[in-house]
Structures are given as C-alpha cells and as structure tokens.
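S.K.: Sequence and predicted model, in that order:
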Amino acid sequence: MTTELSNRWIASTQPWPDKSADDLVKEFSNIGFDGIELPVRDGFPVTPGNVAVELQSWSRTFLDAGLSILSVAGDPSGELLDACAAAHVPVIRVMAPIVGNDYLAAVDGLQKRFESWVPLCERTGIRIAVQQHHGRFVSTSSGLRSLLDPLPKQWIGAGWDAGHSALAGEDADLSLSQLADRLVFVNLRNGHYARPSTDGAGEAWTMQWVAGNEGMGDWASAAASLQAIGYGGTICLAGQYTHPVPDVITAVRGDLSYVRNLFEH
C-alpha cells in the first residue's frame, strides 16, 4: 500500500461557463475537492478584460467557502499575472500551439515567447505550466521536455495531461519520467479515438472524451508514477465528456473517487 502525497485536488470549471462563483461554490463544496481551475477567456465570467477586478472577487468567494482557485487557464499577459498575484492564484496553465508547418521554427518562436514571460513571473511570483496537447501542438512529453529545457524551471514548468498524452500514443510511466523535475501541474482526463460512423471507410477518426476508467489513458499507471516521482502538487480533473452525461458534477465526482482510490492503494 502506498501513502498518498499532499496533492491538492481541483476541478476545471470550463464545463460551466454560465455559472456564477456562488453557483460553483455550491456545486463543489463538500465533495472532496480543494478548489478549482478557472478559465480566464472570452465567453466565461472572468475574461482578460475584467480579470483585474473579477478574479479577486471570485477568489474571495471560494476562500470564504474553504476552497481555492489554484490555477487559471489563460494567456499570460502582464494584467493576468498581476491579477493572479493579487488573488493568490499560483499557476497559469497554457498550451504550446504549432503554427505553420515548420515544427522547429515554431518551437523556437514558442521559446522566445515563453522567455518573455519570465520577468513577469519574477515580479509577481506566478509560475507558468506548459501542457502538451494532441494535434497541432507540442503533443508529446519528449517534445515538451525539449521545449522547456532552455527555460528557467523556477518559472516555466510542465503541465502533464493524461488524456492528451494517451492520445499521442504515450506510456504514462515513460511520459512522466521525462517531466518529473519540471512538473508543476497534472490534468486528468481520458479519451480514445473513434470513427464518426459505423461504416466509416475513408472518414477521419474523431477524438472522444470519456470517464477516467474508460479511455486510452492508464490512470492507475499515472497514479503510481506520480507517487514514484514524488509529485505532491495540484491535480486537476478536466470534467470533459464528449457524450452528454446526466450531470457533469456527478461524473466529475465519480472520476475523483476513482483516482483518489488509485492513490490510496
């Protein structure tokens, strides 16, 4: 039996763009989460335009309920880092999109962009977690490692996503071993590929998000690997399901129960 590390368990609020902070507090109180990840994007309650005021307001609402906003997903502008510092949000999660068809040139551009964030991080104390993403992004852990190597690990770290890693064909153990010393954020979702129709000849396969125990990703292996490398940071449940579920909160709670059981055995 392994001993559970001091992980902080959070849920992304991306599935609920129309809910207020009070509504989400009611949903997430007393179901086992320590807090949330909040998207800071147009179309959500907290946007790049209102973040200076709204992020602090949302943070106070969650803190009053014994919960925390432990990360935001958004573009690391100076305004966002200042707002995170004021609201005591420690991490901003981003992806690394590949623009154009020259991968190496795109990575060089990403490294220069990420390097430009370092003075903002030093000024505010906020860390950036760069996450792999299947498709036209830096999609593998080896690619993410190569991208991050020249950048200061104190400020620019790795975010590992179980679902995207699996869709890229990775083994969780080998994937996490490459990022162990830079890992600042873990995102849990699961998925698989499927044909869009039963006769599907010549049609592109599509990606489907499913429950944690159903997809290509091996959450049991990931849990064991995270404990083996001594990861004790934030673990976020994405709450993303391609097919409608009767109640997303219930589905996320089921995923939380499943993965916490993996950490405890």
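M.R.: Arrived safely.
S.K.: In the longest helix seen in the chain, which residues are buried?
M.R.: Secondary structure of the chain per DSSP state H: the longest helix is helix 103-124. Neighbour-count burial for helix 103-124 flags 106-107, 110-111, 114, 117, 120-121, 124 (criterion: 16 or more other Cβ atoms under 10 Å). C-beta coordinates here come from the backbone N, C-alpha and C atoms, glycine included.
S.K.: repeat for stretch 84-104
M.R.: By neighbour count on 16+ other Cβ under 10 Å, the buried set for stretch 84-104 is 84, 87, 89-96, 98.
S.K.: what about the stretch 101-250 of the chain, any weak spots by pLDDT?
M.R.: The model of the stretch 101-250 of the chain has pLDDT under 70 over residues 198-202.
S.K.: Let's see that with 50 instead.
M.R.: Judged against pLDDT under 50, the stretch 101-250 of the chain has no low-scoring part.
S.K.: residue ranges of the helices in it, please?
M.R.: For the stretch 101-250 of the chain, the helices defined by DSSP state H, counting those that start in this stretch cover 103-124, 141-148, 162-167, 172-179, 219-228, 248-263.
S.K.: Figure out which of those helices is closest to T13.
M.R.: When these are compared by Cβ to Cβ, helix 248-263 sits nearest T13, at 10.3 Å.
S.K.: Who are the packing partners of that closest one?
M.R.: strand 8-12, helix 219-228, strand 234-237 (3 or more Cβ pairs under 8 Å, 6 or more residues apart in numbering; DSSP states H and E).
S.K.: After the first one, which helix or strand is next?
M.R.: In the C-terminal direction, the helix or strand that comes right after strand 8-12 (DSSP states H and E) is helix 21-28.
S.K.: Now that next one: average pLDDT?
M.R.: Throughout helix 21-28, pLDDT has a mean value of 94.
S.K.: C-terminal to it, what's the next element?
M.R.: Downstream of helix 21-28, the first helix or strand assigned by DSSP H and E is strand 35-39.
S.K.: Adjacent strands (with direction) for that next one?
M.R.: Strand pairing for strand 35-39, determined by DSSP bridges: strand 8-12 (parallel), strand 68-73 (parallel).
S.K.: what's the angle between the shortest one and helix 21-28?
M.R.: With axes from the mean of the first three to the mean of the last three Cα atoms, to 10 degrees applied, the angle from strand 8-12 to helix 21-28 works out at 120 degrees.
S.K.: Run through the residues that contact E170.
M.R.: 140-141 (Cβ atoms under 8 Å, 6 or more residues apart in numbering).
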